[in-house]
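[1] what follows is a protein structure lacking sequence information:
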């Protein structure tokens with residue numbers, strides 16, 4: 001998470017949306033940088049508005065706008081799956097080695113997913129029901145628009161490095177599993193679709 005004081009802007013680090021590259025590029029310009037531990041780096045919008053936002057507003061004398069990136073839901077899950085294929089994953093219970101993407105998605109959609117498939121939801125991270133969401137949300141697949149927005153806000157050129165890239169893997173799904181995913185993650189797909197309407 002990055003906070004830009006003069007601009008009254010907070011950038012949430014949605015997992016698997018290039019947050020490491022963004023933080024690397026923008027850290028020198030930010031007043032507050034939270035990179036570790038992951039639970040704080042990836043502070044959800046609900047927790048931001050409950051804990052961090054009020055503190056910042058009180059200290060700065062005004063509220064901060066909250067921006068974030070969202071990735072197409074199937075692609076987002078594919079990135080998690082590929083990320084957990086790495087040999088150096090610290091918790092082997094979260095490894096997807098030897099598991100197909102189809103099996104990963106079925107496990108993710110279970111009522112109680114196993115550790116390797118328990119990754120939550122972008123919709124809950126960014127726009128929880130009954131709570132204030134982010135003020136501006138950008139598509140990961142159109143990251144150029146997001147960079148232009150930040151360049152305007154921060155009045156500088158931004159070049160994002162390519163970091164934390166997941167290994168390649170097949171992301172094939174059977175029609176049945178594809179349909180299961182669209183039912184299970186309907187709110188994620190709905191939220192993502194709204195981004196194309198703006």
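    Arrived safely, thanks for sending. Fair warning: this is a prediction, and the values are worked out from it, not measured in the lab.
[2] going forward, measure contacts and count neighbours with C-alpha atoms only.
    Noted.
[3] tell me where the protein has helices.
    In the chain, the helices defined using DSSP state H lie at 19-26, 38-41, 45-47, 53-60, 73-83, 101-108, 122-126, 143-154, 175-184, 186-195.
[4] let me have these in CSV, adding distance to residue 134 as columns.
    Listed next are the helices of the chain as CSV, based on distance: least, C-alpha to C-alpha, whole Å:
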stretch, distance to residue 134
helix 19-26, 16
helix 38-41, 16
helix 45-47, 6
helix 53-60, 12
helix 73-83, 17
helix 101-108, 25
helix 122-126, 6
helix 143-154, 14
helix 175-184, 23
helix 186-195, 12
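[5] quick one: closest of those to residue 162.
    helix 19-26 (6.2 Å; C-alpha to C-alpha).
[6] picking up where we left off before, make a markdown table out of the helices of the chain and add distance to residue 10 and mean neighbour count.
    Shown next, in a markdown table, are the helices of the chain (distance: least, C-alpha to C-alpha, whole Å; neighbours: other C-alpha atoms under 10 Å):
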| stretch | distance to residue 10 | mean neighbour count |
| --- | --- | --- |
| helix 19-26 | 12 | 18 |
| helix 38-41 | 12 | 14 |
| helix 45-47 | 10 | 21 |
| helix 53-60 | 9 | 14 |
| helix 73-83 | 22 | 20 |
| helix 101-108 | 30 | 20 |
| helix 122-126 | 13 | 22 |
| helix 143-154 | 11 | 15 |
| helix 175-184 | 30 | 14 |
| helix 186-195 | 19 | 16 |
